[in-house]
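Engineer: Let me see the structure of the following:
(2 chains)
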Amino acid sequence: MSVNKITPTLVAAAVATVLAAGIAQAANDKSAAGTAKAAPPALAPLGEAPIPPDNKTTPEKVELGKMLFFDPRVGGDASTGCSTCHEPDQGWAWAEDFSRGYPGTVHWRNSQSIINSAYFPRQFWAGSASSNEKQAKAAAKGGVAGNGEDDIMEARMAVIPEYRKRFKDVFGTEWPLIDDVWLAISAFERTMNTTGEYEVPLDKYLKGDKSVLDEQQVRGMELFNGKAGCINCHNGSLTTDLDYHNIGIPPNKRWEEDGLAQVTFRFEQYAKGQTEEGYRSAKSDWGFYYRSKNKWDRGKFRTAPLRYIEYTAPYMHNGVFYTLEEVVDFYNAGGFDEEGRTTLFPENKSKLIKPLGLSDEEKEDLVAFLGTFSGPEITMEKPKQPPYAPLFTKAELEAAQEAK
Amino acid sequence: MVVRVTTGRAILAATLGLGLAAAVQAADNPDIGPLPQLDIDKAKAELGKRLFFDKRLSGDAAISCADCHVPAKGYASEKALSPGYPGNGHFRNASSLVNVAHRKVWNWDGRIGTNLNDMTREMLTEDYIMNMDMRVMQERVKQDPVYVKMFKDAGYGEPSNGSVRKAIPEYLKTLTSKGSAFDAGKMSDSAKKGKDIFEGKAGCFQCHNGPLLSDGQPHNTGVPENFDVFMDPMNHQAFIAFTMFQGIPNYMNLKRDPGYYNITLMNEDMGKFITPSLRELKYSSPYMHNGMIATLADVVEFYNNGGGKDSNKSDKLKPLGLNDQEKKDLIAFLEALSGDELSGSEYVWDQPFPAKYEAIENWTQVRN
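Structural biologist: The predicted structure is shown next:
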């Protein structure tokens, strides 16, 4: 089974990034899930976010990372930064099926929330980045995302006096370095979790406060853990098995109707290293295949975490469902949407996805339970952008001219 | 060539005396003359023209080649410093593209010495210029049915990055000077006198020679720095990105444009720039690599004073002692090197571009 083939590679790659704490948790979850027919790990409260030893969190680094997260100059034409597609008011994601893209483009996948991203050993829908740091870099540079180049982004930091000072304080360098931008942004992101005052009702319940869930939600939880089978993949403390599954999501119809989306669709096939035949024939996102190049991985995506989902619609890698009701209907139908559409790779569809036979009341119960995965909305005042200023004085330039 | 001319001059000066040296040395330089005709593939050039004027060929689809290479300004930048890509500025003046296909070396610092195909790639992909991911570009072009037909008609088949980089140079070949008084042999008496001064007393011909009036070599003439490169952080960030990428030592503290030093990293090449062509000066002001000189009269004055101040300055430059009439004649000659404006639909794509990308019909059934 593909899971068994992938696991060692995943663990090895992730360990190499020294995300030791996150890995320990992932590996534990995984070994439990990997045991044939063993019960999946039960839902558990979210713990502390792991902090990688090579990017320790300090208040100064987090503050700098916050400024950079909201600064559109970390991108190609100074219009598109992290928060452009991870907008606080839109669940720290983007509330359209496809994320908005760099000006002149649109993206081709749904923007994922940064909330709780600290917990995941890999980022992106197909897990192509092995850390927050690598995700931030890839997103800032991607042709339909930030489209920034290292040189110009690093150069911009140098002509912003406040950044020069802050990078020097935090990283000890004379000039800001672009790789430290990703470290700072990641340190900020690792503080953006559903912990403390933002703890979700489910976690309070799982920690023992049984008063938090009402009867309907408890019924929904039983369905989640039983008849509906959600727990098979959405399990453990992270509400995801961190594995890749084809659950039958149909292609987004926008690709049939929107020329700009078609441009990006082909670009992605090209950029992700498709074969010529793959480039010519692909009509959906092949997901984990782009990493593994195994045909049985076509249409697989990482199990999405469920916390904070109240704020992060639409759902799925291509945003085809705008409500949790639609999501539940989709699973209840065995991985078909209301028009009967499903993945273009039915041969890869998970055997776990089959008609569930939920009644309308059961579906409502399940949706009510999904509501317990979200607590208070996490909002934040956007920091002011520190201004540009010349590096040299006119007198310095005149002296240099004189010395030529 | 620089070395050869210098050596020749030394020997001649020794044997024949200084009085004759200038004239003989002039004879040693390639003649100013009409530019050779170029074979142009019309379909490819027409395609290249559309691409040249298409804003979709920049990363954020906001600028085209023509935003810095302005047709009415001799396909040069009207601003001292080119606008650059949105989000940053620039640190040099965009050169005229008229006769660009006749050059052997490109960019003010001469960093491209291969062909216009490479030059096109450089301009499209550099982050401070057009910041185009060429994979995105290819798919944008493929989405436009007009391009699909034009690429096919031009014999390129399916639109691709490679053919974009061939078609734009084909169009650039059409931007060749025509109709100048000099080429037509219809110069005024003043301009004729100016030519004699150009080749003689003023010594311009030492570097501005051959049909392009450029030796294609780097020289330091002491043009003062344009402080706007450094005082405007938008320009300075482009300069930093460029010098960082090029591997210039100590780029963060650099307070001058290194020029040809970029190629050799030899101190003696600091501040050298490739001799620009003198054709079409009528349109392409301001002048010099950083647009520091606004008018031809100012340029002549600059050289009459022996150029600017720089310890690296070429020893070819000395105060010329031109009188007012000689300066006027010299300017008349320079003006006679400008021809017809390359305007109108023969040179400029003046049809509208589509406002959006049309969807490919029956998308699920056709191959990408």
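
Engineer: For the chain, give me the ranges with low pLDDT.
Structural biologist: All of this is about chain A. Applying pLDDT under 70 to chain A flags the ranges A:1-37.

Engineer: that's the other chain; I wanted chain B
Structural biologist: Chain B contains residues with pLDDT under 70 at B:1-28.

Engineer: Can you list the residue ranges for helices in it?
Structural biologist: Using DSSP state H, the helices assigned to chain B run over residues B:2-16, B:18-28, B:42-52, B:116-125, B:134-142, B:145-153, B:161-174, B:189-199, B:228-231, B:233-246, B:261-264, B:296-304, B:324-336.

Engineer: do the same with the stretch 251-400 of chain A
Structural biologist: Using DSSP state H, counting those that start in this stretch, the helices of the stretch 251-400 of chain A run over A:254-257, A:259-271, A:276-281, A:289-292, A:324-332, A:360-370, A:394-402.

Engineer: looking at those, which is buried most?
Structural biologist: Highest mean neighbour count of the helices of the stretch 251-400 of chain A: helix A:259-271, a mean of 22 (counted as mean count of other CB atoms under 10 Å in any protein chain shown). C-betas here are computed from N, CA, C, even on glycine.

Engineer: and it, what does it pack onto?
Structural biologist: Here helix A:259-271 touches helix A:254-257, helix A:276-281, helix B:134-142, going by 3 or more CB pairs under 8 Å, 6 or more residues apart in numbering or on different chains; DSSP states H and E.

Engineer: Distance from it to the middle of the chain?
Structural biologist: Helix A:259-271 has its C-alpha centroid displaced from the chain centroid by 21 Å (CA atoms, centre = their mean, to the nearest Å).

Engineer: And for stretch B:88-97?
Structural biologist: For stretch B:88-97, the distance to the chain centre is 9 Å (CA atoms, centre = their mean).

Engineer: do stretch B:232-252 as well
Structural biologist: In terms of CA atoms, centre = their mean, the centre of stretch B:232-252 is found 21 Å from the chain centre.

Engineer: can you check stretch A:395-404 too?
Structural biologist: With CA atoms, centre = their mean, you get 50 Å for stretch A:395-404.

Engineer: Name the residues that touch that stretch?
Structural biologist: Identification of contacts with stretch A:395-404 by CB atoms under 8 Å, 6 or more residues apart in numbering or on different chains yields B:222, B:224-225, B:227, B:230-231, B:255-256, B:271, B:309-312.

Engineer: Of those residues, select the buried ones using a ChimeraX command.
Structural biologist: Typed into ChimeraX, the line below selects the buried ones among these, using 16 or more other CB atoms under 10 Å in any protein chain shown:
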select /B:222,224,225,227,230,255,256,271,310,312
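
Engineer: how many other residues sit next to residue 119?
Structural biologist: By default, I'm working from chain A. 24 (other CB atoms under 10 Å in any protein chain shown).

Engineer: ah, no, chain B please
Structural biologist: If you count neighbours by other CB under 10 Å, B:Met119 ends up with 22.

Engineer: Could you measure from it over to B:Gly247?
Structural biologist: In this view, B:Met119 and B:Gly247 are 20 Å apart by CB to CB, to the nearest Å.

Engineer: Nearest spatial neighbour of residue 169, chain-adjacent residues omitted?
Structural biologist: All of this refers to chain A. A:Glu60 (5.9 Å; CB to CB, 6 or more residues apart in numbering or on different chains).

Engineer: my bad, the chain I had in mind was chain B
Structural biologist: Nearest non-adjacent residue to B:Pro169, counting by CB to CB, 6+ apart: B:Leu116, 3.6 Å away.

Engineer: contacting residues for that neighbour?
Structural biologist: By CB under 8 Å, 6+ apart, the residues touching B:Leu116 are B:100-101, B:106, B:168-169, B:172.

Engineer: ok, those vs chain A, which is closest?
Structural biologist: B:Ile168 (19.1 Å; CB to the nearest CB).

Engineer: Now for that closest one: which residues touch it?
Structural biologist: B:48, B:51-52, B:65, B:116, B:120.

Engineer: Of the contacts of stretch A:395-404, which are in range of chain A?
Structural biologist: With CB under 8 Å from any CB of the partner chain as the criterion, the contacts of stretch A:395-404 include B:222, B:224-225, B:227, B:230-231, B:255-256, B:271, B:309-312 near chain A.

Engineer: Now distance to A:Ile309 too, for these, in CSV please.
Structural biologist: Formatted as CSV, these follow (distance: CB to CB, whole Å):
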residue, distance to A:Ile309
B:Gly222, 66
B:Pro224, 62
B:Glu225, 57
B:Phe227, 54
B:Phe230, 50
B:Met231, 50
B:Lys255, 54
B:Arg256, 56
B:Gly271, 61
B:Lys309, 67
B:Asp310, 65
B:Ser311, 68
B:Asn312, 65
